[in-house]
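Undergrad: Please work out how this folds:
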Amino acid sequence: MNIAIVGTGYVGLVSGACFAEMGVKVTCVDIDGEKISKLQLGEMPIYEPGLGDMVQRNMEAGRLVFITNLASCIDDVEIVFSAVGTPPDEDGSADLKYVLEVARTFGQHIKKYTVLVTKSTVPVGTAKKVKAAIQEELEKRGEDIEFDIASNPEFLKEGAALKDFMSPDRVVIGVETERAKELMNKLYKPFVLNNYRILFMDIPSAEMTKYAANSMLATRISFMNDIANLCELVGADVDMVRRGIGSDARIGTKFLYPGCGYGGSCFPKDVKALIHTGKEYGYDMRVIEAVEEVNERQKSIVFEKLLKSFDGNLEDKTIALWGLAFKPETDDMREAPALVIIDKLIKAGAKVNVYDPVAMEECRRRIGNVVIYCKDMYEAVIAADALLLVTEWKQFRIPNWKVMRKIMNGNILVDGRNIYEDRELKTEGFEYIRIGV
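TA: Residues are numbered from 1 along each chain as shown. Predicted coordinates for the structure are as follows:
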């Protein structure tokens, strides 16, 4: 099969590489000429474990190419995926201008039956706008070319995206016709041979599934953060509570870990968009609104615990941060708790040393040199009065505590992800502060 994917961001690039890995001829399209030129040289615009090797391997095999113009390849493909960005507007709604631009370009250039599949996360009802935009362009051309639209939301976890794509829990596809269903089934069948997990449905249901899934996961996170904060007040241990409720098969253990809030490209944006969709239809999404409110508050909890430890005064204190990305195995800092914490530390007059295995340049791009970028985790804590653990990278899990006590000025450690043992830290001479205890 021959397909095109418009947009070489996280979703488009991972999808293109994985489809090519399964033998599909993939043309990735992006109007950013500089990005395409770098991709043609094998330079990755994002960090995702294993992605660079997969892209290089399939480029060399001739199954994956990068171009800047959809029109030049559209005659040769059966399916065009739209994987462009849908950034949030000020009111929380998803900005669909790039999605509709792809639809118009599609309508301007197709000459035979082709399917346009929206892979971007878009609000319910977007498919109607996409279809109308294509039809309008065909009418301008005086053409009556048959086409179909489909919705195929992605459910990739950053840091494990290749595994998620190659061995999916499920593939959700919204279609309107049997012809489109058969074509999409043909494309995805190699991915699900061992356990057939393609869920076909109507397009509005597919659009809603993506938002509902991410909002449910965000809800579990905010729920546990709320419980953790109450545990501190009543004298309970949230880790005990988590294990107690997670052993219930109806609840399960995933996404029940308290921390300093969620971030990234999906949960914050999708929660806001679902709230906005509800308002458009005159319905208040009260649970989801509370999820967002709790999460925004939770991003400050590490700072607040630190501030309390210093009796409200951080002026001229040196604070080390371990972790900048919103989660491990990515350099993504969109809506990252670290950004909120750093901002509050700077405003409080603290000097901030930071270290992250992969997100240093992304942090510099976002906030410049208001912090000190360190070459490793130990340099970050030299002469530090306190350490904040913000992102739970594996290399932070078993540090040399004895070395750290020697090179730090202070002994305060605020654990924003609850990855350490209270007894061990106290034995090593640290004042250990975590969430929910």
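
Undergrad: Do a quick rundown of the helices in the stretch 201-350 of the chain.
TA: Using DSSP state H, counting those that start in this stretch, the helices of the stretch 201-350 of the chain run over 203-234, 238-246, 267-280, 286-298, 301-309, 337-347.

Undergrad: Against residue 216, how distant is the nearest residue to residue 251 once chain neighbours are set aside?
TA: Closest residue to residue 251 apart from its sequence neighbours, by Cβ to Cβ, 6 or more residues apart in numbering: residue 245 at 5.3 Å. C-betas here are computed from N, CA, C, even on glycine. For residue 245, the distance to residue 216 (Cβ to Cβ, to the nearest Å) stands at 16 Å.

Undergrad: More neighbours: which of these two?
TA: For residue 245 versus residue 216, neighbours defined as other Cβ atoms under 10 Å are more numerous around residue 245 (16 against 12).

Undergrad: Report the separation between the more buried one and residue 418.
TA: From residue 245 to residue 418 the distance is 16 Å (Cβ to Cβ).

Undergrad: what's the answer for residue 289, then?
TA: Relative to residue 418, and taking Cβ to Cβ, residue 289 is found at 26 Å.

Undergrad: And these two? Which one has more around it.
TA: residue 418 (20 against 16).

Undergrad: Just the element for that one, please.
TA: Counting by DSSP states H and E, no helix or strand carries residue 418.

Undergrad: ok, now which ones touch the closest residue to it other than its chain neighbours?
TA: Leaving aside its sequence neighbours, residue 418 sits nearest to residue 434 (Cβ to Cβ, 6+ apart; 4.9 Å). By Cβ atoms under 8 Å, 6 or more residues apart in numbering, the residues touching residue 434 are 414-415, 418, 420, 422.

Undergrad: So which of the residues you listed belong to strands?
TA: Secondary structure from DSSP state E places 414-415 of the contacts of residue 434 in strands.

Undergrad: can you tell me which of the contacts of residue 434 lies nearest to residue 182?
TA: Distance to residue 182, by Cβ to Cβ, is smallest for residue 418 among the contacts of residue 434, at 48.5 Å.

Undergrad: Go through the contacts of residue 434 and say which is closest to residue 209.
TA: Closest to residue 209, out of all of the contacts of residue 434 and judged by Cβ to Cβ, is residue 418, at 31.0 Å.

Undergrad: which phi and psi does the closest one have?
TA: Note on residue 418: backbone dihedrals following degrees, to the nearest 10 are phi 60, psi 50.

Undergrad: Could you double-check that it sits in contact with residue 432?
TA: No: the criterion here is Cβ atoms under 8 Å, and residue 418 misses it with residue 432 at 10.5 Å.

Undergrad: Give me the residue ranges of the stretch 201-350 of the chain where confidence is low.
TA: By pLDDT under 70, the stretch 201-350 of the chain has no low-scoring segment.

Undergrad: mind listing what residue 212 touches?
TA: Taking Cβ under 8 Å, 6+ apart, we find residue 212 in contact with residue 274.

Undergrad: Identify each buried residue in stretch 3-19, please.
TA: For stretch 3-19, burial by neighbour count (16 or more other Cβ atoms under 10 Å) applies to 3-19.

Undergrad: An error on my part: the question was meant for stretch 213-233.
TA: Under 16+ other Cβ under 10 Å, the buried positions of stretch 213-233 are 213-215, 217-229, 231-232.

Undergrad: same deal with stretch 396-405?
TA: 396, 399, 401, 404.

Undergrad: can you redo these as CSV with distance to residue 116?
TA: CSV is the format used below for the buried residues of stretch 396-405 (distance: Cβ to Cβ, whole Å):
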residue, distance to residue 116
396, 44
399, 50
401, 56
404, 55
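
Undergrad: Just give me the closest of the residues you listed to residue 302.
TA: residue 396 (14.4 Å).

Undergrad: Which residues are in contact with the closest residue to the closest one other than its chain neighbours?
TA: Excluding the flanking residues, the one nearest residue 396 by Cβ to Cβ, 6+ apart is residue 322, at 5.2 Å. Contact partners of residue 322, counting by Cβ under 8 Å, 6+ apart, are 355-356, 377, 380, 387-391, 393, 396.

Undergrad: now residue 424
TA: By Cβ under 8 Å, 6+ apart, the neighbours of residue 424 are residue 401.

Undergrad: That one belongs to a helix?
TA: Yes: Residue 424: assigned to a helix according to DSSP: H, G, I helix; E, B strand; the rest coil.

Undergrad: before we move on, the earlier item: might one say that the residue nearest to residue 251 is in contact with residue 255?
TA: No: with contact defined as Cβ under 8 Å, residue 245 does not reach residue 255; the gap is 12.0 Å.

Undergrad: And the strands in this structure?
TA: Counting by DSSP E, the chain has strands at residues 2-6, 25-29, 64-67, 79-82, 114-118, 147-151, 171-175, 198-201, 318-322, 351-355, 372-373, 386-389, 412-415, 431-434.
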